[in-house]
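# Generate coordinates for the sequence data below:
(chains A and B)
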Amino acid sequence: MPAPTLPEKRWSIDLEKKIQEAHSENEQEYTARYGFNPNSGKEIFVIDTPPPYPSGTWHIGAVAQYSMIDVIARSQRLLGKEVYFPWGVDRNGINIEFVVEQNTKRKMKTYDREEFLSLCKETIEEFTQAMRNTAKRVGLSCDFSKEYLTDSPEYRQVTQAIFVELFKKGEIIEDLRPNIYDPVEGTTIAEAEVERQSRKTKLVDIKWYTEDGVEVIISTTRPELICACGIVVVHPDDERYRNLVGKKIILPVPVSGRETSVEIKTHASVKSDFGSGVLMVCSFGDQNDVAIFRDMGLTPFRAIDLDGCMTSIAGPWNGNKVIEARKAVIDYLEENGKIHDIVEREQEIPVSERGKNPVETILLKEWYVRQTHIQDRMKEHIEEIEFHPARNKQFLIDWMDNISIDWPISRRRWYHTEIPIWYSQDETKVIVPPSGTYVQPWKDSPPIDSRVLDRETREDMGSYQELKQNLGEISGEEKVFDTWMDSSNSNLFVSGYLNHPELFEKAFPTALRPQGKEIVRTWLYYTLLKSTLLLDKPGFNHVWIDGLGMDPWGRKMSKSLGNGIDADSVLECGAGGKTGSWKVKGPDKSVSLRANKIGSECFRLWKACDAQVGDDFHINPEEIEKKYYGVLTKVFNVARFASMFPCPDDLDTTPADLAIEDKWIIAEFQSMMSIVEKSWHELDIYTATQALKSFATGVLPSHWLEMVKSRLYDDDEAAAWTIHRIVRDFLSAFSPICPFFSHHISLTIYSKSAVDVDSFPVNIVDELAVDMQQGDDLRKLTTSIQEFNSSTWNAKKDAGISLNKPISGIMIPDELSEFTKILTSMHSLE
RNA sequence: GGGCUUGUGGUCUAGGGGUUAUGACGUCGCCUUGACAUGGCGAAGAUCGAGAGUUCAAUUCUCUCCGAGCCCA
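Predicted structure coming up:
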């Protein structure tokens, strides 16, 4: 038997790691291969890679998604495009602040701001390094030499410049609006940081009177907020109160600086069976109150200040803490005979996750990006974007239909991009920095070439340098941006906005936004909003929205469920002979999962093959190995078999003396390859991978290879040419999915790596000058060939004859008459 | 609580108004055949989540319910 030029007997994880390390050892070589060269003259394809947020462990589902983004990057390179696959890390945000607070057991606000920021930076840098390693281990072909960090001055200055630009255009405004606020910690907090706690509270039934003297009982747990009551509502179907609707009702407590009565109206959100069925709506007792205020177009009252005290509208209770005011108001009502009943009851109240302090919804002056006025225009832009899968576009459209308020972008936190603005002493003018500078107004003075604008009209009043003397003592903004304000610039940043105008010209709209479906309403929406506001263009050509990685039973992976699977353990499974085992809590009991070898190539193949884009996918290492490791083995062995026979010097010129079976398999191969090429163009990983897999594990080895074995052993050059040409081109088409696997085999047998191929393999049928019709005719025989082979194998089996022994009495069907010779020798027909 | 998405053999999956409903893994049976037992060949296994409606015809369309997921309250 001839010796194979592919020496390894089988694919292994150690081999994979060896190849992978060699692959990125030489930085120059790596960059030449995967770096972005905007001047190559090729079509530019910029991928707006989601910058991952480092938090210690990287979710295996996210790693799987990134590996598919890499498949897209590599397949676009294979199609001849100049791909920019950037590597960014999102490092702004409250999460890292919490980690530092937890590690040091100290609240952020007890630190010096500068000291706290440097602690955050140190901590996030450790997490970032782990993430880079995993990214490389799963084979991402990012241009790591151009890594960007969203907390770097280079990135933050872009966020700030965009803020200034939108501010000047009037698309960013200041307003007094409801925010969730923790009065003890003294900060606004996000919805995500609110939890519910059960506490005993007094439900007070208060007698109210309409202006014409009708008594109405209203239940509330927040009597101190009567001063902020804007409306009283009942359910539209509630017969009991029909006659009250439209009347005015008098507030039962004294107030100052506002009307002393409110109107009674209907609202569908009222629960008729709660208390008396009449609801007073205050700004702002809870989220429902906020919603009703918004629905009814009411102007909110500011009842509670930043220290958690009542404001002047509370009349006699002005300045009281909320809890004190509640007691005092109940006392007052009791003294005046306006209490009908008081019952103690358990109630869920919103508290802050950190301090367990009851939170208030209060009015604060915050910065907003205007968005309600631009929805129609955005939708026009979205029509121009191709979504993968198309149905996931609905997530975005539905969300947009629900947008009713502007986007609040200011936060009272620290490890974020600062809002780049200073205020004049009289607060009527603002100072904004020039584009290209990163500023920290809480500690810095404005750069000398900053501009002075009117705070209301946005009119440019001149340079800071000239007007400096007239501004009085200026103060820098202390608030920072919501992190989505940074993240939603990622496509602009990687496409060269502000920094590389000539690239931006060619690269925008950004070719592709790949992301998970859970952040359609945030990352995708805000990014598209920015491109509409700033450039009046769609942000992308393609948006690719993947599903989420779930546990083996289809549930979300979480620490509390104990059903998480660590990404590194799957990628390292099988390395150094170490097998993997995972204890995962199932719905009923804990289950032990075991696998011998997986690695990055098998993991990628699994994700590419097992789920359509957009569907949630179940992650079970046992299944990944069982279903897909064998495919790698099979492809490896086909290649190894091919490598036993000398490769013709010229694989690119089709020999004239191909046998009919060679032409047949080439027709099959070509049909598969054109599906793959089309799929790569359409970013359809699933279809491409399925086509490659079924060809390489099915018709090629089982039927064609079995037929031509004897010709190969007899040094038939046409058969050798055919197998080598197919294996070589197959590896090129397969390399986006399993790059190291394809790289190693192709480099060993053909001295040229499949990952360096930068145009899709040419059509051999065209080369053969076989027209398409003839190719189709040949492929029509595939079923007959498979059926004939099967029936012959079965006949031998039934007769108890070994497969390599002769058999008689088998008739070759008419349509396969051209194959008579090869089929006769294949099955030793007599 | 609301909106959206989703539910196909034991498991994962393709498809989609009329088909013997696709493929893979697993299971079972057979086979050491000149690359591959980490293999080859073959077989069994599904009233397409439940109920109702539209239709000559529904797994596919509509509605309700149940389960799962995402986001927002």
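# A:I403 falls within a strand, correct?
No - according to DSSP: H, G, I helix; E, B strand; the rest coil, A:I403 belongs to no strand; its state is coil.
# any idea of the pLDDT on it?
Looking at A:I403, its pLDDT is 76.
# before we move on, what about A:E815?
On pLDDT, A:E815 comes in at 87.
# quick one: it and A:T783 touch, right?
No - using Cβ atoms under 8 Å, A:E815 makes no contact with A:T783, being 9.9 Å away. In short, each C-beta sits where N, CA and C put it, glycine included.
# neighbour count winner among the two?
Using other Cβ atoms under 10 Å as the criterion, A:E815 and A:T783 rank with A:E815 on top: 14 against 10.
# got the contact list for A:A325?
A:224, A:310, A:314, A:317 (Cβ atoms under 8 Å, 6 or more residues apart in numbering).
# TSV for the residues you listed, including neighbour count, distance to A:E383 and secondary structure?
Output for these, formatted as TSV (neighbours: other Cβ atoms under 10 Å; distance: Cβ to Cβ, whole Å; DSSP: H, G, I helix; E, B strand; the rest coil):
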residue	neighbour count	distance to A:E383	secondary structure
A:E224	26	50	helix
A:M310	26	50	strand
A:A314	28	51	helix
A:W317	26	54	helix
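# for those, which one is nearest RNA strand B?
Nearest to RNA strand B among these is A:E224, at 21.3 Å by Cβ to the nearest atom of the strand.
# Could you report the pLDDT at the closest one?
Confidence score, pLDDT, at A:E224: 88.
# can you check A:E348 too?
In this model, A:E348 is scored at 59, pLDDT.
# Tell me where the model's unsure across chain A.
For chain A, the stretches flagged by pLDDT under 70 are A:1, A:184-200, A:237, A:268-275, A:284-288, A:291, A:294-295, A:345-349, A:352-356, A:769-773.
# Domain boundaries for it, per the record?
Domains of chain A are assigned by automatic domain parsing as A:13-162+A:487-617, A:187-362, A:420-474, A:642-827.
# Can you give me the first-to-last residue distance of the longest one?
Same thing as domain A:13-162+A:487-617. 24 Å (Cα to Cα, to the nearest Å).
# which parts of the stretch 401-550 of chain A sit against RNA strand B?
Within the stretch 401-550 of chain A, the positions adjacent to RNA strand B are A:402, A:517-519, A:521-522, A:548, A:550 by Cβ under 7 Å from any atom of the strand.
# that's a strand at A:V351, yeah?
Yes - per three-state DSSP, A:V351 lies within a strand segment.
# quick one: it from A:P358, how far?
A:V351 is 5 Å from A:P358, where distance means Cβ to Cβ, to the nearest Å.
# repeat for A:T522
27 Å.
# do A:L176 as well
As for A:L176, its distance to A:P358 is 22 Å (criterion: Cβ to Cβ).
# Between those two, which is the more surrounded one?
Using other Cβ under 10 Å as the criterion, A:L176 and A:P358 rank with A:P358 on top: 17 against 13.
# Show me where the stretch 351-500 of chain A has its strands.
Here the stretch 351-500 of chain A has its strands, by DSSP state E, counting those that start in this stretch, at A:360-369, A:386-388, A:407-408, A:410-411, A:422-423, A:429-432, A:451-454, A:460-463, A:475-476, A:480-481.
# Sort out which residues of stretch A:16-36 are buried, please.
For stretch A:16-36, the neighbour count (16 or more other Cβ atoms under 10 Å) marks A:16-17, A:19-20, A:23, A:30, A:33-36 as buried.
# before we move on, what about stretch A:713-720?
Here stretch A:713-720 shows A:716, A:718-720 as buried, counting by 16+ other Cβ under 10 Å.
# Summarise which helices and strands the helix or strand encompassing A:S569 is packed against.
Secondary structure assignment for A:S569, by DSSP states H and E: helix A:567-571. Helix A:567-571 sits against helix A:60-78, helix A:113-137, strand A:580-585, helix A:599-610, with contacts defined as 3 or more Cβ pairs under 8 Å, 6 or more residues apart in numbering; DSSP states H and E.
# just to revisit the earlier point, which single one of the buried residues of stretch A:713-720 is nearest to RNA strand B?
So of the buried residues of stretch A:713-720, ranked by how close each gets to RNA strand B (Cβ to the nearest atom of the strand), first place is A:D716, at 11.7 Å.
# how about the closest one, what does it touch?
Per Cβ under 8 Å, 6+ apart, neighbours of A:D716: A:V708.
# What distance do you get for it to A:K709?
A:D716 is 10 Å from A:K709, by Cβ to Cβ.
# can you confirm A:L700 is in a strand?
No - judged by three-state DSSP, A:L700 forms no part of a strand; its state is helix.
# which residues touch stretch A:509-516?
A:44-50, A:62, A:65, A:68-69, A:72, A:491, A:494-495, A:523-524, A:527, A:531, A:537-548, A:683.
# Among these, which ones are in helices?
Among the contacts of stretch A:509-516, DSSP state H puts A:62, A:65, A:68-69, A:72, A:491, A:494, A:527, A:531 in helices.
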